[in-house]
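Visitor: The sequence isn't on hand, but the structure is:
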């Protein structure tokens, strides 16, 4: 298997390929910061709209056929919904105009956040309306939302509720149920249940597996590195009347690529060619990312060249992936060349691109360069993303500069330039714990309390795990039991466990996803 099978255009070079970029007058081997587009007034930069990370289906997409009036009313409902104004009260105000299509879109909007409980409130409100008719589509959407939020039991309850309401499950409902199970934490058990549903579907005339069913299961098996099960499913697919599509092969290659299983990924690529399917931009992007992760940069660059020769156009994720992977390999100049190629082609860098550059310089020990980019983003008039702040904080922490990270955090918190959320606190909490900075930890908890950030059990267990890992790295010759005893007897560990108990009353008031954890349970859960 060679990369040449991708589209007939890929041929591995005999010598190491290099990028040749022309007409970039500002470039120097040190990559001066004035090459960035916001500091280059003479260089016109055009916005490019093809920034999608997933290919869109041409048919059957509800998002493409949305009614503008429905979208506007849903936006009004979402704006009026807050802690002081329950969603059902808002729905009652618009009871004369709200119908099932509005509720369906509300499920989608609420599903993008952690407000899965509000989805159930909307559903209960729907059932009380005269116009409500039990519908498979509504249940399928709700099951999908619950699955994405890890609420497998709730998804199962909805499946049971649907059957009790007189609805007969169809293929889309079973697909949603399979996906919900695959989002649970016990992946082996989840995959076993999903395959059980698959076998059940094959024996049901009303809901036989379709290409979406196969795509879901193939990707899940590849993610579980179960190559044998993938082969079984592919053989079953060949025997069935179902025809694989580009999503079938892209899903498989993406899962294999993320696990570094390059040989298996290339085998799927060859199979895709045999099925007369041409690679799309998603195919190119996932190949570029997979080869970059494995630091097979010769192949990565060749795929990129093939992309430039094809009818497909690079997207922002194409360049972002290359910048990140070059950075992880500490190939700073290569990463800078990719950024220049991007701007030469008229792509305006997105906030994710700047985050990739910040992280790249962090990997290459160029903290000052990373800070320059961050400050430029900070001072710009564009919308600020907390992920950009987190990227800069991560660079400081990775390079052993937790005090600088704290200074930046306090500066941002005071100026409110970025909207800080729980992800920022979790990042700093782990870093301060690993560095044994008790005073900074206490200050951070005070900030969390003021901002109303209520952590779950995973927040503290991750931090305690970070403390444990730092303990083991310092004394590798000791047995695990002695390290556990040393760690649990340390004042730092005990303070962290007490902190968890202090937060426990607040955590216990939250929905069922928050489980009470006492000091003893924390000790049992940790493994050093």
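Guide: Nice, I can see it. In this text, all values refer to a predicted model and were calculated from it rather than measured experimentally.
Visitor: Look up how far residue 236 lies from the closest residue to residue 230 other than its chain neighbours.
Guide: Distance criterion C-beta to C-beta, 6 or more residues apart in numbering; nearest residue to residue 230, sequence neighbours excluded, is residue 221 at 4.8 Å. C-beta coordinates here come from the backbone N, C-alpha and C atoms, glycine included. In this view, residue 221 and residue 236 are 12 Å apart by C-beta to C-beta, to the nearest Å.
Visitor: Give me the more crowded residue out of these two.
Guide: A direct count of neighbours by other C-beta atoms under 10 Å for residue 221 and residue 236 places residue 221 higher, at 23 against 15.
Visitor: Correct me if wrong: the more buried one contacts residue 231.
Guide: No. Judged on C-beta atoms under 8 Å, residue 221 makes no contact with residue 231 at a distance of 9.3 Å.
Visitor: Can you get me a residue count around the residue lying closest to residue 331 once chain neighbours are set aside?
Guide: Distance criterion C-beta to C-beta, 6+ apart; nearest residue to residue 331, sequence neighbours excluded, is residue 297 at 7.6 Å. Using other C-beta under 10 Å, residue 297 has 18 neighbouring residues.
Visitor: OK, contacts around residue 297?
Guide: By C-beta atoms under 8 Å, 6 or more residues apart in numbering, residue 297 lies in contact with 291, 325-326, 329, 331, 334.
Visitor: ok so, going back, the residue nearest to residue 230: which element?
Guide: Element membership for residue 221 (DSSP states H and E) is helix 211-223.
Visitor: Equivalent analysis for residue 279, please.
Guide: Per DSSP H and E, there is no helix or strand for residue 279.
Visitor: related to what we said a few turns ago, chain center to the helix holding residue 221, what's the gap?
Guide: 18 Å (C-alpha atoms, centre = their mean, to the nearest Å).
Visitor: Just list what the helix or strand just after it packs against, helices and strands only.
Guide: Using DSSP H and E, the next helix or strand after helix 211-223 towards the C-terminus is helix 227-239. Helices and strands touching helix 227-239, by 3 or more C-beta pairs under 8 Å, 6 or more residues apart in numbering; DSSP states H and E, are helix 211-223.
Visitor: Helix, strand, or coil at the residue sitting furthest away from the middle of the chain?
Guide: Within the chain, the residue lying farthest from the chain centre (C-alpha atoms, centre = their mean) is residue 130, at 39.4 Å. Counting by DSSP: H, G, I helix; E, B strand; the rest coil, the backbone at residue 130 sits in coil.
Visitor: any idea how far it is from residue 99?
Guide: Distance from residue 130 to residue 99, counting by C-beta to C-beta: 11 Å.
Visitor: Low-confidence ranges, this protein, go.
Guide: 1-66, 83, 456-528 (pLDDT under 70).
Visitor: again, only using 80
Guide: For the chain, applying pLDDT under 80 flags the ranges 1-67, 79-86, 113-114, 454-528.
Visitor: Helices along the stretch 201-350 of the chain, start to end?
Guide: 211-223, 227-239, 246-258, 262-274, 281-293, 297-309, 316-328, 332-344 (DSSP state H, counting those that start in this stretch).
Visitor: Go through these and name the closest to residue 410.
Guide: helix 316-328 (27.4 Å; C-beta to C-beta).
Visitor: Which positions within stretch 387-403 qualify as buried?
Guide: Neighbour counts using 16 or more other C-beta atoms under 10 Å place 388-397, 399, 401-402 of stretch 387-403 among the buried residues.
Visitor: for residue 374, helix, strand, or coil?
Guide: helix.
Visitor: related to what we said a few turns ago, quick check: which of the helices of the stretch 201-350 of the chain is nearest to residue 198?
Guide: Of these, nearest to residue 198 by C-beta to C-beta is helix 211-223, at 5.9 Å.
Visitor: ok, and what's touching that closest one?
Guide: Counting by C-beta under 8 Å, 6+ apart, helix 211-223 makes contact with 171-172, 174-175, 178-179, 182, 187, 191, 194-195, 198, 201, 229-230, 233-234, 236-237, 242-245, 247-248, 251-252, 254-256, 258-259, 261, 264, all of which sit outside it.
Visitor: Let me know the angle separating that helix from helix 227-239.
Guide: 160 degrees (axes from the mean of the first three to the mean of the last three C-alpha atoms, to 10 degrees).
Visitor: Going by neighbour count, list what's buried in helix 211-223.
Guide: For helix 211-223, by 16+ other C-beta under 10 Å, it's 212-223.
Visitor: out of those residues, which one sits closest to residue 374?
Guide: Distances from residue 374 to those, taken as C-beta to C-beta, are shortest for residue 223 (33.6 Å).
Visitor: what's the spacing between residue 135 and residue 166?
Guide: Distance from residue 135 to residue 166, by C-beta to C-beta: 11 Å.
Visitor: for residue 95, helix, strand, or coil?
Guide: Look at residue 95: counting by three-state DSSP, its state is coil.
Visitor: any idea what sits nearest it, other than its immediate chain neighbours?
Guide: Counting by C-beta to C-beta, 6+ apart, the residue nearest residue 95 is residue 129, at 7.5 Å.
Visitor: one step back: of residue 135 and residue 166, which one has the most company?
Guide: residue 135 (15 against 8).
Visitor: could you measure residue 370 against residue 338, distance?
Guide: Taken as C-beta to C-beta, the span from residue 370 to residue 338 is 17 Å.
Visitor: who's more crowded, these two?
Guide: residue 338 (27 against 24).
Visitor: shouldn't the more buried one be in contact with residue 324?
Guide: No. Counting by C-beta under 8 Å, residue 338 does not reach residue 324; the two are 9.8 Å apart.
Visitor: Residue 362 is in contact with residue 398, correct?
Guide: Yes. Counting by C-beta under 8 Å, residue 362 is a contact partner of residue 398 at 5.8 Å.
Visitor: Ramachandran angles for residue 141?
Guide: phi -60, psi -40 (degrees, to the nearest 10).
Visitor: and it, how many residues sit next to it?
Guide: 23.
Visitor: Please report how far it lies from residue 99.
Guide: 15 Å.
Visitor: again, but for residue 254
Guide: Applying C-beta to C-beta to residue 254 and residue 99 gives a distance of 38 Å.
Visitor: higher neighbour count, these two?
Guide: Comparing residue 254 with residue 99 by other C-beta under 10 Å, the one with more neighbours is residue 254, at 22 against 14.
Visitor: ok, the spatially closest residue to the more buried one that is not a sequence neighbour - how many residues close by?
Guide: Leaving aside its sequence neighbours, residue 254 sits nearest to residue 286 (C-beta to C-beta, 6+ apart; 4.6 Å). Residue 286: 24 surrounding residues under other C-beta under 10 Å.
Visitor: How about the contacts made by residue 286?
Guide: Residue 286 neighbours (C-beta under 8 Å, 6+ apart): 250, 253-254, 257.
Visitor: Now rank those by neighbours and give me the top one.
Guide: Note: the member of these with the most neighbours is residue 253, at 27 neighbours, neighbours being other C-beta under 10 Å.
Visitor: With residue 224 as the reference, measure out to that one.
Guide: Taking C-beta to C-beta as the measure, residue 253 and residue 224 are separated by 16 Å.
Visitor: cool, and residue 368?
Guide: 43 Å.
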